[in-house]
Structures are given as structure tokens and as C-alpha cells.
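Student: have a look at this prediction, sequence included:
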Amino acid sequence: MSKISPLSGFPELLPAQRTVERDVIASLSRTFELHGFANIETRVVEPIDRLAKGGEVDKEIYVLQRLQAERHGGGPAPTAELGLHFDLTVPFARYVLEHAGHLEFPFRRFQIQPAWRGERPQEGRYRQFTQADVDIVGRDELPFHHDVEVMSVMVDALGRLPIPRVSFQFNNRKLIQGFYRGLGIDDVTDAIRVIDKLDKLPADEVAAMLVERVGTTPEQAQRCLELATIRVEDTSFVERVRALGVADDLLDEGLAELAEVVEACSAVAGDRVGVEANLRIARGLDYYTGTVVEVFMEGYEHLKSVGGGGRYDALASDGRTTYPGVGVSFGVSRTLIPLIADGVLSGSRPVPSAVLVALNAEEDRAASAAVAQGLRERDIACEVAPTPAKFGKQIRFADRRAIPYVWFVQADGPDEVRHQVKDIRTGEQVDADPATWTPPEADLRPGIVTTIPMPSTHTSTTEENQ
RNA sequence: GUGGGUAUAGCUCAGCUGGUAGAGCGCCGCCUUGUGGUGGCGGAUGUCGCGGGUUCGAGUCCCGUUACUCACCCCA
């Protein structure tokens, strides 16, 4: 009853760790905004029937109901009508339909919110997790160049984060579909599902399954495997696919699209992001119709994808109008929590204060508060020591919190006050004027400490974003 | 949903074949009459996850239960 224990799958961060998450979210937001994407936040609940459309997802949905919900006519327990969203795409689709009259199309937005899923927790998989989505949605039509655009945005955004190198692995559903069709395979979706087992089963077993389960000939199965094992960092996959000798219009279209995506993303990817065409990427969800992508993080491949997305020609539809879209999502929790746990990322301090103003005696609190106020007027976060303890203890108070500076206000004669500020990391203590002294930019705010070598060092920023 | 592991101090863990609970780190105090980090000395802390059983006696053995955790499935 009294002892509290953690709830599996619902991670909570300590203050210093939270600064990491906030900085990452702020960085992502800034990049998305640099590309002209507006932010929205959708409600966290949706009607159950809208969420459960897929059918099988039911058990993953957390339902919401009031404790004192009315029981109509003394009947059985009230039926749940609301559920917590399990991704940001379904709510976004609803949002587009609901507000279509007030939106400008193509509509570009980003969304960074938690989602809930009732699955068994594991490293990188939580019951509550934060996701960052960027999408572009059109009305009736959405030109292909937006595929290129939205993928480039995420490449740019992840390239700016202080995380291990990530790799974008692209494919295209038209390419797969066209290839299979040209090969004479009817059940493309089933074949894709089998091919998807390639990382768990050896190639010959997958081939056997294609023959048995999908009903392909051994030759067809062989071709499928040849296609699926093509993985290159440039557009040379085009010739390699052509060399397999399958002819189909849709295949040609897919090849052209994939080549364009790979080329454009490579152009914006710096050293910190890899871009590849990987022709066995399929993505389970069957609403994808063109570009598909999965993102992996170096050294953390066991987390599976840390991001993914693609093109869907019918994200939403109200019967008269359909809204095609293309988007990618990045798993903020999935990526950050393991990195924080491994010590790859940490916060520089658990408090925002850059300065602790020491307190001489309780009667002098006003004097210390005045110094603090002066610093705050110049946007320097600070706090006054809680008690007039010995200076050693006050310094230790700051040290525990990794507050870099301690400010001393000392009487230096009848009407003289002497102000001094001490950098407790170096021990250096100098006279300072509370009206003008400013710490170096790097000490102003808590930031991310990373063991990842970063080319440019602008990782610390703190912006409100919730 | 399926299978394995674990549950002892704030943290990491030890505790052999049952005999009234320990280490390291951390924390607090003093050495240090106001300027920390190193060093020395001293100190505090546990319903041994919960319930039941066996026993003179259970942290230890048995059963149950809950939670956490890892793997599978699946996904961000």
C-alpha cells in the first residue's frame, strides 16, 4: 500500500536528464521550423472506433473512462469510448479532416507528443513514449517532390542532434510492387511480409517460404531475394535492378522516385547521417504507397528503427476529398532513454541556476536577493543560498548542483560592499560588479554533455516546448 | 500474449548445507571559528517485495502472489 515502485514502461527522467530531452526537442523544433513546418498539438484521446480501425491494435490501446461514469439503466459497466492515441498519424489524419476548412494545403506541420501503447516494455520500447512527426499533406494530390522535401527535413534535423550517427534506409513501394507484378506474383503484400523476415531467417528459408506460402516459383523467389539484398549508398541500385530483367511501368516509376530521394537526401546529409537505398525495407503498415524509410542508429541497431515513415496516398478521406500525405517520425524516447542510460548523453546540471548568491546571515537575505534580482534582469538564472551556512557548505550546495559560480557579498567597511564571484570549478575568485558581470555563454544554461564527437558545438539551448 | 531471471540500506550488491543482518559508494558530523572538492576519525539508515507453509528457529527451504527485468511477438 505505502511502498511505491516504478511502473514498467512509463519512464521518468531526473532533472538533469530532462534537460537533455528538452534540448533535443527544442533542436528538432527549430530545424522543422527552419523548413517552414508549423507546430500543432492534438488532443491525447480519440474515439475508440477511430483508433481501432485496424482491428488488431485493440489490445495496445489504453482506454479512458471516468471512474464514476454513468451506468445507463443499472446495466453492465459503462463502455469505454475514448482511448489514448498510440501514434501521432491517426490523430493527425483526424485533425486534417476536422479542420480542413481552416488549413492551407499543402499543409506542413510537426508534432512532438507522447503516445501510449500497451505492449510489453523493453529497452527502447515503452508504454508511454514521445515521438516527433513531420508530415506534409495535400488535398486531392500531393506532388512527389514533397517526399523528397519531408525526408530531407528529417535528415537535417537528426544530423544536428548530438547522438550517434543515424542511417536512413529508403525504399519505394511502387518499386517493389512493380517488380513483383512484372515478375508475375499476385499477392504482393503477402510476399513483402515474407521478405521482411530476412533479418531473422536465412535467405534459403525465406525463399522456401515464398514458394510454399505465397505460391511463387523457385525462380520468382530467387529474383525477389536478389532484389531484397540490394543495398547501396548511391543510385547504382537502378542499374542493378534493371539487370534483373524485370519490366514494368510502376517499377520504373519507383526506381526514379527512389533515386531522387536518395540523391537529394545525400546532398543534405553531413557526416553524421547516412543515406542508403535498401530494397528490403518494406514497413509493415499497408497504407504506404510510395517512398518508405526506416532510420537506424549506429551501435543501437538492436533498438530496431529509431524512426520511420513514408508516403500514403490516402492518409485521410471524407468521402469526397482524399488527403495524400508523406511523413517521417522519430522516436524521441526510444532514442534518448537508452543513450542517457548508457551515459552517452547527460545534462550538464540538474538546475537552471548559473549562480548561487551566498548568504552571510539571515538579516542579509535582502542584500543577496538584490544581487540575484540584478542578475536576473540580465537573464542570468540564479538563486540565493537557502541558509547562511558556512561558506564551505554553501559552495558545496552549489557544487552538488553543478552550479558553476558562487557570488559573495561582503561588507568591506562601514558603507562599502565588496562583490566577488567564484568559479568553483577552477577556484578562481574575482571582484565583480552585479550590474555588468556575465558568465561565459556556455555556462548560462544547462546543456547536453555528450561523448559523441560533434563537428560544431552549438548543442545547448533551452526553449520551452510542450 | 509466451518463456526465463530477479526482489536485502538512498545506489550497486554480499549473506555457504536454516541460528535474531553486512560491504563499497553515497549521506551526516568533526578534524577545518565562516571559501567546498583530496585525506583522517566518528555516525545514522533496513517491516530482507507481499501472503502462507515447514521448523525450536526462515533473508536463507517449499507454495502462492505482486512487481521489476530479459528474450520472443510487434512496433517509435
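Tutor: That came through fine. What you see is a predicted model; the values in this text were computed from it and never measured.
Student: which residue does the stretch 1-150 of chain A bring closest to RNA strand B?
Tutor: A:Ser8 (3.0 Å; C-beta to the nearest atom of the strand). C-beta: built from backbone N, CA, C; applies to glycine.
Student: try chain A
Tutor: Closest point on chain A to RNA strand B, by C-beta to the nearest atom of the strand, is A:Gly331, at 2.3 Å.
Student: I figured that residue hits A:Tyr300, correct?
Tutor: No. Counting by C-beta atoms under 8 Å, A:Gly331 sits too far from A:Tyr300 to count as a contact (11.0 Å).
Student: list residues touching both of these two?
Tutor: Shared contacts of A:Gly331 and A:Tyr300, defined by C-beta atoms under 8 Å, 6 or more residues apart in numbering, are found at A:Gly124, A:Val306.
Student: tell me, how many residues neighbour A:Gln394?
Tutor: 21 (other C-beta atoms under 10 Å).
Student: now A:Gln220
Tutor: There are 19 residues near A:Gln220, going by other C-beta under 10 Å.
Student: quickly find the element holding it.
Tutor: A:Gln220 belongs to helix A:218-228 when assigned by DSSP states H and E.
Student: kindly report the same for A:Ile340.
Tutor: Assigned by DSSP H and E, A:Ile340 belongs to helix A:332-341.
Student: neighbouring contacts of the helix or strand just after that helix?
Tutor: Downstream of helix A:332-341, the next assigned helix or strand under DSSP H and E is strand A:345-347. For strand A:345-347, contacts defined as C-beta under 8 Å, 6+ apart pick out A:15-20, A:162-163, A:336, A:339-340, A:446-450.
Student: widest-spaced pair of these?
Tutor: Using C-beta to C-beta, the contacts of strand A:345-347 span at most 20.6 Å, a distance reached by A:Pro15 and A:Ile163.
Student: assumed A:Gln169 was part of a helix.
Tutor: No. Secondary structure of A:Gln169 (DSSP: H, G, I helix; E, B strand; the rest coil): strand, not part of a helix.
Student: next one: it from A:Glu301, what distance?
Tutor: Look at A:Gln169 and A:Glu301: by C-beta to C-beta, to the nearest Å, they are 11 Å apart.
Student: settle it for me: which of the two has more neighbours?
Tutor: Set side by side, A:Gln169 and A:Glu301 show more neighbours around A:Gln169, with 20 against 12, by other C-beta under 10 Å.
Student: what does the pLDDT read for the more buried one?
Tutor: According to the prediction, A:Gln169 has pLDDT 95.
Student: burial measure for A:Ala361, as a count.
Tutor: For A:Ala361, the neighbour count with other C-beta under 10 Å is 9.
Student: what's the neighbour count on the closest residue to it other than its chain neighbours?
Tutor: Nearest non-adjacent residue to A:Ala361, counting by C-beta to C-beta, 6 or more residues apart in numbering: A:Pro388, 4.8 Å away. Per other C-beta under 10 Å, the neighbour tally for A:Pro388 reads 17.
Student: same question, the one 10 residues further on
Tutor: Number of residues near A:Ala398 (other C-beta under 10 Å) recorded here: 25.
Student: looking only at neighbour counts, state which of A:Gly331 and A:Tyr300 leads.
Tutor: For A:Gly331 versus A:Tyr300, the count of surrounding residues by other C-beta under 10 Å is larger for A:Gly331: 24 against 20.
Student: who does that one form a beta bridge with?
Tutor: A:Gln131 (DSSP bridges).
Student: per-residue pLDDT, it?
Tutor: Looking at A:Gly331, its pLDDT stands at 94.
Student: spell out which parts of the stretch 251-400 of chain A neighbour RNA strand B.
Tutor: Contact residues, the stretch 251-400 of chain A versus RNA strand B (C-beta under 7 Å from any atom of the strand): A:283-285, A:295, A:302, A:304-308, A:329-331, A:333-334, A:359-361, A:388-393, A:395-396, A:399-400.
Student: ok, A:Leu64 to A:Ser333 distance?
Tutor: Computed as C-beta to C-beta, the A:Leu64 to A:Ser333 distance reads 21 Å.
Student: compare those two and say which is more crowded by neighbours.
Tutor: A:Ser333 (19 against 15).
Student: give me every residue that touches the more buried one.
Tutor: With C-beta under 8 Å, 6+ apart, A:Ser333 has these contacts: A:Pro11, A:Tyr126, A:Gln128, A:Phe129, A:Thr130, A:Gln131.
Student: using PDB, write down the CA coordinates of the worst-scoring helix or strand of chain A on mean pLDDT.
Tutor: Least confident helix or strand of chain A, by mean pLDDT, DSSP states H and E, is helix A:188-195 with a mean of 78. Extracted C-alpha coordinates of helix A:188-195, given in PDB (Å, rounded to 0.1, in the frame of the first residue of the first chain):
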ATOM      1  CA  VAL A 188       2.400  -8.600 -53.300                       C
ATOM      2  CA  THR A 189       1.600  -7.700 -49.700                       C
ATOM      3  CA  ASP A 190       2.000 -11.300 -48.500                       C
ATOM      4  CA  ALA A 191       5.300 -11.600 -50.400                       C
ATOM      5  CA  ILE A 192       6.500  -8.500 -48.800                       C
ATOM      6  CA  ARG A 193       5.600  -9.800 -45.400                       C
ATOM      7  CA  VAL A 194       7.700 -12.900 -46.000                       C
ATOM      8  CA  ILE A 195      10.700 -10.900 -47.400                       C
END
